[in-house]
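Asks: sequence and computational prediction follow.
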Amino acid sequence: MWTIDDEVKFFNDASQLASIEKLMVNVHNRYYAFSPKSEDVHVNTPQARNALIGATTEKWCKDLFHDIARQNDLFAVNGVICNEIGLSAQSSADLAFCTSDNQIQSPENIKLIFEIKMGIVNNYLYDDIDEENKFGWLGDYKTHKGNPSLLRSDSMLKAIGKSINIRVDSSLGKKIPIIILGNSPITNNYVKKVDSLIKNGVIQKFISLYPNPTDTDFIKKTPERGFETFGEIEDLEKYISYVLNSNMNYFSSMMSNRDLGQIISLANLESTDELKGKKFIELLNV
């Protein structure tokens with residue numbers, strides 16, 4: 001799972017590709033991952049770092065989920081494009097489980113979509129004198145002024161919006177589960193919202209892959225488990241396998257009681273619960 005070591009490795013690797021000025025914020029001539037709360041200034045994270053951490057976390061998630069995908073006879077693929085369900089080259093799936101390892105996929109070959117909203121969570125100080133430990137840990141996310149990962153309102157809204165687009169663009173996207181991956185807790189403001197989204201089937205779960213983001217209190221899971229922090233890979237494997245084998249259907253509509261009753265009556269003519277459910281979804285999507 002995600003650890004401080006992953007963040008230090010990111011800075012070490014990224015510093016070979018970009019200058020410190022493009023990776024960290026300058027506060028009183030010292031370079032930090034984020035502006036510390038103890039300082040009286042707030043400096044935004046350089047945009048260049050966002051692109052690098054995005055590419056890093058997408059690959060990190062692919063590596064983490066590779067074995068889980070293969071256990072289910074699927075492939076973990078970054079940047080999946082499927083125009084039929086709104087996944088364009090400009091807005092591809094960060095990671096998906098597919099029946100082949102191609103980047104361009106048809107809807108029926110996509111079995112699970114992941115939207116990744118991960119980033120640097122802790123604060124670090126750059127020290128160019130210490131060659132062995134250039135990036136020293138300063139404190140957890142509560143000690144700096146940044147809002148990483150799922151603590152960012154814009155990250156949450158983008159993930160929700162993209163999921164809704166997949167659901168409403170075509171009936172082809174209504175059988176594909178969607179999971180949001182982060183490496184932070186969520187804020188109290190989103191507790192009811194994520195549980196509501198999960199109840200309504202828009203998204204199947206918000207997951208944090210960082211078990212120990214702070215030694216103090218934080219939201220580990222919501223009452224309905226719309227958001228949940230996973231601490232063991234085995235638990236993650238079990239949950240993903242459950243989702244893949246649940247044969248889910250997303251449905252939403254606005255219709256009169258009479259029209260809804262007619263659909264229920266027609267679906268009820270089928271001989272088994274499985275066929276009744278399938279018929280209900282078919283009639284609802286007509």
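Replies: Cool, got the structure. Numbers count the residues shown, from 1 in each chain.

Asks: packing partners of the longest strand belonging to the chain?
Replies: Taking DSSP state E as the criterion, the chain has its longest strand at strand 110-117. The helices and strands touching strand 110-117, judged by 3 or more CB pairs under 8 Å, 6 or more residues apart in numbering; DSSP states H and E, are helix 47-71, strand 93-98, helix 153-169, strand 178-182, helix 233-244. The way it works is simple: take the backbone N, C-alpha and C, and place the C-beta from them, glycine included.

Asks: could you give me the average pLDDT of the helix or strand that that strand is followed by?
Replies: Next along the chain after strand 110-117, taking DSSP states H and E as the criterion, comes strand 123-126. Regarding strand 123-126, the rounded mean pLDDT is 96.

Asks: okay, the closest residue to Lys158 other than its chain neighbours: pLDDT?
Replies: Counting by CB to CB, 6 or more residues apart in numbering, Lys158 lies nearest to Lys117, which is 7.7 Å off, once chain neighbours are set aside. We have a pLDDT of 97 for Lys117.

Asks: thought Lys117 was touching Pro148?
Replies: No. Between Lys117 and Pro148 there is no contact under CB atoms under 8 Å: 9.3 Å.

Asks: for Asn26, list each beta-bridge partner.
Replies: Note on Asn26: beta-bridge partners by DSSP bridges are Tyr31.

Asks: now do stretch 65-84: distance from first to last residue.
Replies: 25 Å (CA to CA, to the nearest Å).

Asks: what comes into contact with that stretch?
Replies: 58-59, 62, 87-89, 92-107, 110-114, 169-170, 172-173, 236-237, 240-241, 244 (CB atoms under 8 Å, 6 or more residues apart in numbering).

Asks: out of these, which are buried?
Replies: Buried by 16 or more other CB atoms under 10 Å: 58, 62, 87, 92-98, 103, 105, 107, 110-114, 172-173, 236-237, 240, 244, out of the contacts of stretch 65-84.

Asks: now Thr45: which helix or strand?
Replies: Using DSSP H and E, Thr45 falls within no helix or strand.

Asks: shaky segments in the protein?
Replies: 169-170, 251-255, 281, 284-286 (pLDDT under 70).

Asks: swap in 80 and give it another go.
Replies: The chain contains residues with pLDDT under 80 at 130-132, 169-171, 248-256, 259-260, 274, 276-286.
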